[in-house]
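Undergrad: Model the following, please.
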Amino acid sequence: MAKVKGFKGIRYNKNKIENISDVIAPPYDVINQEQQELLYSMHDKNIIKIDLNKTEGDAKYVEASKLLNEWINNEILIQEDKESIYPYYQKFDFKGKNYERIGIVALVKLCDFNEKVILPHEQTFSGPKADRLKLMDSCKTNISPIFGVYDNSDNLIEEIVHRFIESNKPIMEAKSLDGILNKIWKIDDENILSQITQLFTSKEILIADGHHRYETSLNYSKKNNNEEAGYVMFYLTGTIQDGLLINPTHRVLNEIENSAEITKKVTSSFITEPWSGDMNEEQLEADEFFYIDIQNQSKLKCKIKESDLQNFYSMSVYAVQEKIIDSFKNNYSSVGHFKSLDDAKSSISSESIGLILPKFIPSDIMKVVLNNDKMPQKSTYFYPKVATGLLLNKLY
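TA: The predicted model follows:
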């Protein structure tokens, strides 16, 4: 079903850039202004200057294209002479535990979502898509890979990739700002490429991160009817591995009015029990969440009632959205979304309500997608992110 192939990747020239760690960046949509300034200061050739240029207005897209072409002409960035698929390994620490994750960077043929080959799980918004399309029109390049996951229960692609990296040296190694180790290998052997390509023909790909970039690439391909524009660069990784973490995005309802009314509704709508201990994602099943109402001294562990499980895909993120966030939208001023549990907890005050959500597993998300549905806004946080700047892909 999915059509995957190699490409002639563009990457930093190690003869010109001594430390690749100085020139890579996180995905553009998780970078705040402070991080943007830090990345700008790290190296004058950091990829941030192309992916998230800070020139005012639409001039930033012109400046990004100018820099990209300069770096290619001056061989700061060089292009491979053979089509390749790139194994991508990450090693990282999360909450005191060590993890490893392996995937590949390759091109994937663009398909409309109704073909059920590439599967979205989040809503998209017009603003980010307009921004990414202007950048793509200007640079005619995929600056960063879309993050996709696939069912690897047969383990066949992983076996091929592991055999290769065990007997070959990486072509790049870099550490991200948050200390994650990134290593890239290059497979240009036609037999191995053919094996990997063939194995993907029976798979669907779920977009983990990069919905806006994927839809932008679809729009770009329809305006530019050429072979290169019909594909987009993906990072592809299997769903069955410890290193694929799908963390929740916790919610805090700010400037609450009549929190007692909300708490009363929660106790009648869910199975609840008082909770006095620590609160974290590890203590929750998919159909559970923690509810914190400091003003009314109410801390609860909540569970979806059996009669509601099917309606909410047995996931508390849906139940919280419908029964609390949507039902009481006139009782608070805004919803804060927190990827960090500590940040969420520290933001809960006597004038707010905290909602601590559980982790996700890929099969739960796939269940939603295959039912032609999408997750509530800002539900999942796939971790770790894939670094921008390790590989780029020309669209001409």
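Undergrad: how many neighbours does residue 371 have?
TA: Neighbour count for residue 371, taken as other Cβ atoms under 10 Å: 9. C-beta here means a position set from N, CA and C on the backbone, and glycine is covered the same way.
Undergrad: Which of the helices or strands spans the closest residue to it other than its chain neighbours?
TA: Sequence neighbours aside, residue 313 is the residue nearest to residue 371 in space, at 7.9 Å (criterion: Cβ to Cβ, 6 or more residues apart in numbering). In this structure, residue 313 is located outside every helix and strand according to DSSP states H and E.
Undergrad: OK, contacts around residue 313?
TA: 364, 367-368, 371, 373 (Cβ atoms under 8 Å, 6 or more residues apart in numbering).
Undergrad: Just the buried residues of these.
TA: Using 16 or more other Cβ atoms under 10 Å as the burial test, the contacts of residue 313 include 364, 368 as buried.
Undergrad: will you turn the contacts of residue 313 into JSON lines that also has distance to residue 243, secondary structure and pLDDT?
TA: Below are the contacts of residue 313 laid out as JSON lines (distance: Cβ to Cβ, whole Å; DSSP: H, G, I helix; E, B strand; the rest coil; pLDDT from 0 to 100):
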{"residue": "364", "distance to residue 243": "18", "secondary structure": "helix", "pLDDT": "85"}
{"residue": "367", "distance to residue 243": "22", "secondary structure": "helix", "pLDDT": "83"}
{"residue": "368", "distance to residue 243": "23", "secondary structure": "helix", "pLDDT": "89"}
{"residue": "371", "distance to residue 243": "28", "secondary structure": "coil", "pLDDT": "84"}
{"residue": "373", "distance to residue 243": "27", "secondary structure": "coil", "pLDDT": "88"}
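Undergrad: between the contacts of residue 313, which is closest to residue 98?
TA: residue 364 (25.3 Å; Cβ to Cβ).
Undergrad: Relative to residue 122, how far out is that closest one?
TA: 14 Å (Cβ to Cβ, to the nearest Å).
Undergrad: Output the lowest mean pLDDT helix or strand found in the protein.
TA: None of the helices or strands of the chain scores lower by mean pLDDT, DSSP states H and E than helix 362-369, at a mean of 84.
Undergrad: Check which helices and strands that one sits against.
TA: strand 205-209 (3 or more Cβ pairs under 8 Å, 6 or more residues apart in numbering; DSSP states H and E).
Undergrad: Residues touching the strand it packs on, excluding its own?
TA: With contacts defined as Cβ under 8 Å, 6+ apart, strand 205-209 is touched by 2, 27, 108, 117-122, 146-150, 214, 234, 236, 239, 246, 362, 365-366, 369, 380, 382, 385-386.
Undergrad: Where helices are concerned, which of these count?
TA: 214, 362, 365-366, 369 (DSSP state H).
Undergrad: Using TSV, please lay out those residues together with neighbour count and distance to residue 189.
TA: Listed next are the ones in helices among the contacts of strand 205-209 as TSV, based on neighbours: other Cβ atoms under 10 Å; distance: Cβ to Cβ, whole Å:
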residue	neighbour count	distance to residue 189
214	25	29
362	20	30
365	24	34
366	17	32
369	19	34
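Undergrad: Quick check: the gap between the residue most central in space within the chain and residue 124.
TA: The centre of the chain sits closest to residue 209, judged by Cα atoms, centre = their mean, with a distance of 2.8 Å. For residue 209, the distance to residue 124 (Cβ to Cβ) stands at 12 Å.
Undergrad: between the host helix or strand of residue 232 and strand 205-209, how many degrees?
TA: Applying DSSP H and E as the criterion places residue 232 in strand 231-238. With axes from the mean of the first three to the mean of the last three Cα atoms, to 10 degrees as the basis, strand 231-238 and strand 205-209 are set at 90 degrees to each other.
Undergrad: where along the stretch 251-396 of the chain do the strands fall?
TA: Counting by DSSP state E, counting those that start in this stretch, the stretch 251-396 of the chain has strands at residues 270-274, 288-293, 298-304, 334-338, 353-356, 380-383, 393-394.
Undergrad: So what touches the strand holding residue 232?
TA: Contacts with strand 231-238, where a contact means Cβ under 8 Å, 6+ apart, come from 4-5, 7, 88, 101-110, 142, 144-152, 155, 157-158, 200, 205, 213-214, 217, 244, 386, 391-393.
Undergrad: List the neighbouring strands of that strand plus their orientation.
TA: Here strand 231-238 has these sheet partners by DSSP bridges: strand 97-109 (antiparallel), strand 146-150 (parallel).
Undergrad: looking at those strands, which is buried most?
TA: strand 146-150 (a mean of 24; mean count of other Cβ atoms under 10 Å).
Undergrad: Flag every buried residue along the helix or strand following that strand.
TA: Going down the chain from strand 146-150, the next helix or strand is helix 156-166, by DSSP H and E. The neighbour-count criterion (16+ other Cβ under 10 Å) identifies 157-158, 160-161, 164-165 as the buried residues of helix 156-166.
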